[in-house]
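K.L.:
no sequence for this one, just the structure:
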């Protein structure tokens, strides 16, 4: 399982955990709004009956229409808040992973990113021929935040090399270095190739995943 799929699973798991409690709160709020507007509509109808039944019916209809609109808006607001919470809590959990879990996530992200780069190199070679785009093969630098570099940097490079044993990546693994630079990110990594940076930070991953997962999260929260 890659680091990206683990993050995806964490987002969906958080949505499942949060659904029952939040839906109960939403139901209670809708019930409160319904009772409030039903009382208002009844009061308006009773008062208006003394003057004109036709006018009373129209006033009551408008009141009930307002009730439906408020109920819908309350549900939409609750849904939006729940989706925001699912992503926010999952992001916080990922950013605060420790020890082996954090190392495993970083390894998965690095492997996935470098496999993608290897495929891109092969495609460039097929299109332009070997070594026509540059004199020397690309060197890939791995940038972590300062804390991860100090605690996990060396272990990440070892874990990456173990993970790709038996995989066909040509000489690319020998061209991967842990950068002396650090990145201002919550977690994850940035892969630098010359002047190009590939952002696999936690922040970038969640920005990428949200529009792709929001509908699925909504289905879990509001079946």
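P.N.:
Sure thing, it's come through. Only a predicted model underlies this, so the values are computations on that prediction, with no experimental measurement involved.

K.L.:
name the surrounding residues that touch stretch 205-212.
P.N.:
For stretch 205-212, contacts defined as CB atoms under 8 Å, 6 or more residues apart in numbering pick out 4, 7-8, 11, 87, 90-91, 94, 109, 188. C-beta coordinates here come from the backbone N, C-alpha and C atoms, glycine included.

K.L.:
just the residues you listed: which are in helices?
P.N.:
Mapping the contacts of stretch 205-212 onto helices (DSSP state H) picks out 4, 7-8, 11, 87, 90-91, 94, 109.

K.L.:
and the two most separated of those residues?
P.N.:
The largest separation in the ones in helices among the contacts of stretch 205-212, counting by CB to CB, is between 87 and 109 at 18.2 Å.

K.L.:
looking at these two, which is more packed in?
P.N.:
residue 109 (26 against 19; other CB atoms under 10 Å).

K.L.:
measure that one to residue 204 for me?
P.N.:
11 Å (CB to CB, to the nearest Å).

K.L.:
one more: residue 142?
P.N.:
15 Å.

K.L.:
and residue 97, by the same measure?
P.N.:
17 Å.

K.L.:
of the two, who's got more company?
P.N.:
Set residue 97 next to residue 204 and count neighbours by other CB under 10 Å: residue 97 wins out with 17 against 14.

K.L.:
the more buried one: what secondary structure?
P.N.:
coil (DSSP: H, G, I helix; E, B strand; the rest coil).

K.L.:
identify the residues contacting it.
P.N.:
Here residue 97 is in contact with 105, 187 (criterion: CB under 8 Å, 6+ apart).
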